[in-house]
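Chemist: The following comprises the amino acid sequence and a computationally predicted model.
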Amino acid sequence: MPMLLKRLTLLKPMPMEGIIAEPRRCSGFQFDPDVVEMLIKVIKDENILNASALLKG
């Protein structure tokens, strides 16, 4: 997940909504749906998206 938040040479950082939308979009064929829902739950419960400022720098 930290790499999704950082700017890479060829890619812009993914918006916070995309960090949740991307695993959900791939759920069922690339990722296990149960794991995706648990990941999203942890992100929301732990307020990880608001902590993204800690990854900058």
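Modeler: Perfect, I can see it now.
Chemist: Show me which helix runs longest in this structure.
Modeler: Ranked by number of residues, the top helix in the chain under DSSP state H is helix 33-45.
Chemist: Quick one: mean pLDDT for that one?
Modeler: For helix 33-45, the per-residue pLDDT values average out at 89.
Chemist: list the helices and strands it packs on?
Modeler: Judged by 3 or more Cβ pairs under 8 Å, 6 or more residues apart in numbering; DSSP states H and E, helix 33-45 is in contact with helix 16-26. In this view, the C-beta of every residue, glycine as well, is placed from N, C-alpha and C.
Chemist: Taking helix 33-45 as reference, get the angle to the helix it packs on.
Modeler: Between the axis of helix 16-26 and that of helix 33-45 there is an angle of 170 degrees, by axes from the mean of the first three to the mean of the last three Cα atoms, to 10 degrees.
Chemist: didn't Arg24 look like it was pressed against Lys41?
Modeler: No. Under the criterion of Cβ atoms under 8 Å, Arg24 lies out of contact with Lys41, with a separation of 11.9 Å.
Chemist: Show me which of these two is the more surrounded one.
Modeler: For Arg24 versus Lys41, the count of surrounding residues by other Cβ atoms under 10 Å is larger for Arg24: 14 against 10.
Chemist: Please work out how many residues are found near the closest residue to that one other than its chain neighbours.
Modeler: Once flanking residues are discounted, Arg24 sits nearest to Val36: 6.0 Å by Cβ to Cβ, 6 or more residues apart in numbering. Residues near Val36, counting by other Cβ under 10 Å, number 19.
Chemist: next one: Lys12
Modeler: Using other Cβ under 10 Å, Lys12 has 7 other residues around it.
Chemist: if I pick it, what's in contact with it?
Modeler: When contacts are counted by Cβ atoms under 8 Å, 6 or more residues apart in numbering, Lys12 touches no other residue.
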